[in-house]
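Student: Sequence first, then the predicted structure, then my questions.
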Amino acid sequence: MSSASTRLAVRAALAGVMMATFIPGTGAQTPARQTAFSPARLWDGQTPDFRGIWQVLDTAYVNIEGHPAGKGIAASKSIIVEPSDGKIPYKPEALKQRQENYRTRATADPSLKCYQAGVPRATYLAIPLQILQSPGNFAIVYQENHAFRVFHQDTRPHFDSTDWWMGDTRYRWEGDALVADVVAITDQAWLDQAGNFHSTEAHIVERYRLIGRDALEYEARIEDPVVYSMPWTLRTVLYRVKQPGARIIEDECLEDANGVRHHISPSDPRNLLKSDYSRWTKPAQK
Amino acid sequence: MKILRAYHGRTMLPATICLLMSVPGAGPVWAQTTDTSLKKSQSAVRRLPDGYPDLQGLWMKSTGGFQGLFVGSLDGTNFAAQGRGRGAGPAGRGGGTTYEYTPAAEAERKDRVRRGHEDPEAGCHLPGVPRALDQPGGLYPVQIIQDERYVALLHEAMHDVRIIPTDNSKHPRNYWAWDGDSRGRWEGDTLVVDVSNFNGRTWLDMAGNFVDENEHVVERFTLTDPDTILYEATISDPTVFVKPVQMRFTLKRVPAEQQILEYSCLEGERSLQHYTEEDGGTKQRAR
């Protein structure tokens, strides 16, 4: 960019494009909020700076359609903003499947086996994630099960010949919002602990946008003609983790006595059952 | 499931490196680089605004083969148990890595050759350091993203992640991890990473070489030309090794049309099907 005035002109043009794309898609209140905050930039002077450690504060991970309070868990409203009833527009057969998932959630939730959480679930787990960024590069590292996603610019087509847990992501900037297109997601992943789900046909459009220095709005529009009667949209806000020295902590599950993987506390004696260093001073009994 | 890289066959290796790899006993690749030519080629590397070399991109360990590929292999033969042991010069590391164990640790290493199925990486656990980078050459890449505060290594294998602060900060207390704790600093144009706080569970490879919780690694990343990172690691562990283990290999830039893929290992692990029942797996031993 050669001068400040050129930069301003380009920004103004981008903002115009952005307004035009926002109005039909996401409701009347969005364009007004869009102009409210101008984020800091990376060292190229252009790219909005989303770097940092972020985390949601609510408990929508229990059930994105909303849920009452439980032991040690605050109640949560639905984070679904479209349709307006806050419910996922399942087809009748799919709703039966969701009810079955809900009934068996204590054992059937894939996250119990320490699988990667999937998209968009990893975003609103109330577990920190870190956005890594440089001009032309964007990646999110999720603390949960050390999953990560490398966002590829949408100048190249999706790599969708197989199903991934964290999908295949292509992104572009629409003004100061990062818009990501995600496909190739396995139908083994759930959307929350309540058994909400999608099929392999799911197509997700994510929108990341700073609405303040320390607040990152996240929106996901999910289209899946196999499971839903219409596309639907969830929206939440992640907050910057500001503790000094905060870092993503390694999260590696360990096996129980039956070889099944669990989140086991490092201080739990069960974590000494397998592949423990102390075995080499007292050889294993075979 | 473990997914082999879709295009890894297209990774380009300079012919000279391929040739060296194929000649037993050939000198290490880096020996060709003289100091003056290094300076010249380094002047061509891109830099971030802070002046340090830009290590970003997709990288693949360039040297071929690794010693453990056929351990516990298809017909149940355990090659490691048949004399490849002693960690002797695995080809994948440029032929130079030697391990000198204490007597007690050597006995343990031999026993681990027999207990190969207990290698935690076979169960999809984090490989640790330096094994995260010391993967089979040409198979699993690493994506590096860098700014003025961090150099992040996103490994395809085991979706292992290391976000390394480059502020020369201190290791924390009361924290132990598979990958330990990494703290980086720049020494000239070389990124030096001090890694400590290991939980002692990781093995160094599939051939029984191992470390315990006293492991301490100093890694050096040097961009020797725009498409080559020289990786050097010094692994010390006073309760395991008589003297520190030196490891060196190169990472080559992966062509831009390739991308890192997901490695959903735990989500459908198949490795145990390839181990025989007596090794703790589910495969019937061939008669």
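Tutor: The structure has been received and is ready for your questions.
Student: rest of the way, CA atoms for contacts and neighbours
Tutor: OK.
Student: who in the stretch 1-150 of chain B is up against chain A?
Tutor: B:P49, B:A105, B:E108, B:E118, B:D119, B:P120, B:H125, B:L126, B:I145, B:Q146, B:D147 (C-alpha under 8 Å from any C-alpha of the partner chain).
Student: Which residue is the nearest non-sequential neighbour of the first one?
Tutor: With C-alpha to C-alpha, 6 or more residues apart in numbering or on different chains as the measure, A:W43 is the residue that lies nearest to B:P49, at 7.6 Å, once sequence neighbours are left out.
Student: which residue ranges form the helices in chain B?
Tutor: Along chain B, counting by DSSP state H, helices occupy B:15-22, B:35-42, B:103-114.
Student: among those helices, which gets the worst mean confidence?
Tutor: Per-segment mean pLDDT for the helices of chain B reaches its minimum on helix B:15-22, at a mean of 33.
Student: can you map out the strands along the chain?
Tutor: By default, I'm working from chain A. Assigned by DSSP state E, chain A shows strands spanning A:52-56, A:80-82, A:129-134, A:137-142, A:147-153, A:168-174, A:177-183, A:203-212, A:215-223, A:232-240, A:254-255, A:261-262.
Student: could you do chain B instead?
Tutor: Using DSSP E, strands in chain B cover B:57-61, B:142-146, B:150-155, B:161-165, B:181-187, B:190-196, B:216-225, B:228-236, B:245-253.
Student: tell me the angle of the first one relative to strand B:142-146?
Tutor: To tie it back to what came earlier, the one meant is strand B:57-61. 140 degrees (axes from the mean of the first three to the mean of the last three C-alpha atoms, to 10 degrees).
Student: any idea how far A:Y61 is from the residue nearest the centre of chain A?
Tutor: The structure's chain A has its C-alpha centroid closest to A:T123; by C-alpha atoms, centre = their mean the separation is 2.5 Å. A:T123 sits 9 Å away from A:Y61, taking C-alpha to C-alpha, to the nearest Å as the criterion.
Student: With A:D44 instead?
Tutor: A:D44 is 36 Å from A:Y61, by C-alpha to C-alpha.
Student: now B:R253
Tutor: Between B:R253 and A:Y61 the computed distance is 39 Å (C-alpha to C-alpha).
Student: How about A:I248?
Tutor: 19 Å.
Student: Compare these two (neighbour count), which wins?
Tutor: Comparing A:I248 with A:Y61 by other C-alpha atoms under 10 Å in any protein chain shown, the one with more neighbours is A:Y61, at 22 against 18.
Student: what residues are up against the more buried one?
Tutor: Neighbour list for A:Y61: A:R121, A:Y124, A:L125, A:A126, A:L191, A:D192, A:Q193 [criterion: C-alpha atoms under 8 Å, 6 or more residues apart in numbering or on different chains].
Student: Run through the residues that contact the closest residue to the last one other than its chain neighbours.
Tutor: The one in question is A:Q193. Leaving aside its sequence neighbours, A:Q193 sits nearest to A:V62 (C-alpha to C-alpha, 6+ apart; 4.9 Å). Applying C-alpha under 8 Å, 6+ apart to A:V62 gives the contacts A:D192, A:Q193, A:A194.
Student: Of these, which is the nearest to B:Q259?
Tutor: Using C-alpha to C-alpha, A:D192 is the member of the contacts of A:V62 that lies nearest B:Q259, at 28.9 Å.
Student: And for that closest one, the neighbour number?
Tutor: Neighbour count for A:D192, taken as other C-alpha under 10 Å: 25.
Student: ok, now how distant is B:D54 from B:S43?
Tutor: According to C-alpha to C-alpha, B:D54 and B:S43 sit 12 Å apart.
Student: So if I had to pick from those two, which one is more boxed in?
Tutor: Taking other C-alpha under 10 Å, B:D54 and B:S43 do not tie; B:D54 has more neighbours (20 against 14).
Student: is it true that A:F197 touches A:W190?
Tutor: Yes. Contact criterion C-alpha atoms under 8 Å: A:F197 and A:W190 qualify, at 4.8 Å.
Student: With neighbour numbers in mind, choose between those two.
Tutor: Taking neighbours as other C-alpha under 10 Å, A:F197 and A:W190 compare with A:W190 leading, 24 against 21.
Student: hmm, which helix or strand of chain B has the shakiest average pLDDT?
Tutor: None of the helices or strands of chain B scores lower by mean pLDDT, DSSP states H and E than helix B:15-22, at a mean of 33.
Student: wait, B:G184 sits on B:S196?
Tutor: No. Taking contacts as C-alpha under 8 Å, B:G184 lies outside contact range of B:S196: 11.6 Å.
Student: Chain B contacts on the stretch 101-250 of chain A?
Tutor: Residues of the stretch 101-250 of chain A lying near chain B by C-alpha under 8 Å from any C-alpha: A:115-116, A:132-134, A:137, A:141, A:146-148, A:150, A:164-166, A:250.
Student: Buried subset of those residues as a ChimeraX selection?
Tutor: ChimeraX command restricting these to the buried ones, with burial defined by 16 or more other C-alpha atoms under 10 Å in any protein chain shown:
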select /A:115,116,132,133,134,137,141,146,147,148,150,164,165,166,250
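Student: how about the residues of the stretch 101-250 of chain A next to chain B, which pair is most distant?
Tutor: Greatest spatial distance in these: A:Y115 and A:S134, 28.5 Å, computed using C-alpha to C-alpha.
Student: isn't A:I140 right up against A:T123?
Tutor: No. Counting by C-alpha under 8 Å, A:I140 sits too far from A:T123 to count as a contact (9.5 Å).
Student: between these two, what contacts are shared?
Tutor: Contact criterion C-alpha under 8 Å, 6+ apart; residues shared by A:I140 and A:T123: A:L129.
Student: and the end-to-end length of stretch A:125-141?
Tutor: End-to-end for stretch A:125-141, by C-alpha to C-alpha: 13 Å.
Student: Make JSON lines from the strands of chain B and add mean pLDDT and mean neighbour count to it.
Tutor: Conversion of the strands of chain B to JSON lines gives the following (pLDDT from 0 to 100; neighbours: other C-alpha atoms under 10 Å in any protein chain shown):
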{"stretch": "strand B:57-61", "mean pLDDT": "93", "mean neighbour count": "24"}
{"stretch": "strand B:142-146", "mean pLDDT": "97", "mean neighbour count": "23"}
{"stretch": "strand B:150-155", "mean pLDDT": "98", "mean neighbour count": "23"}
{"stretch": "strand B:161-165", "mean pLDDT": "97", "mean neighbour count": "23"}
{"stretch": "strand B:181-187", "mean pLDDT": "97", "mean neighbour count": "20"}
{"stretch": "strand B:190-196", "mean pLDDT": "97", "mean neighbour count": "22"}
{"stretch": "strand B:216-225", "mean pLDDT": "97", "mean neighbour count": "22"}
{"stretch": "strand B:228-236", "mean pLDDT": "96", "mean neighbour count": "20"}
{"stretch": "strand B:245-253", "mean pLDDT": "93", "mean neighbour count": "22"}
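Student: a markdown table please, covering those strands and showing distance to A:R261.
Tutor: Below are these laid out as a markdown table (distance: least, C-alpha to C-alpha, whole Å):
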| stretch | distance to A:R261 |
| --- | --- |
| strand B:57-61 | 30 |
| strand B:142-146 | 26 |
| strand B:150-155 | 21 |
| strand B:161-165 | 20 |
| strand B:181-187 | 23 |
| strand B:190-196 | 26 |
| strand B:216-225 | 28 |
| strand B:228-236 | 30 |
| strand B:245-253 | 32 |
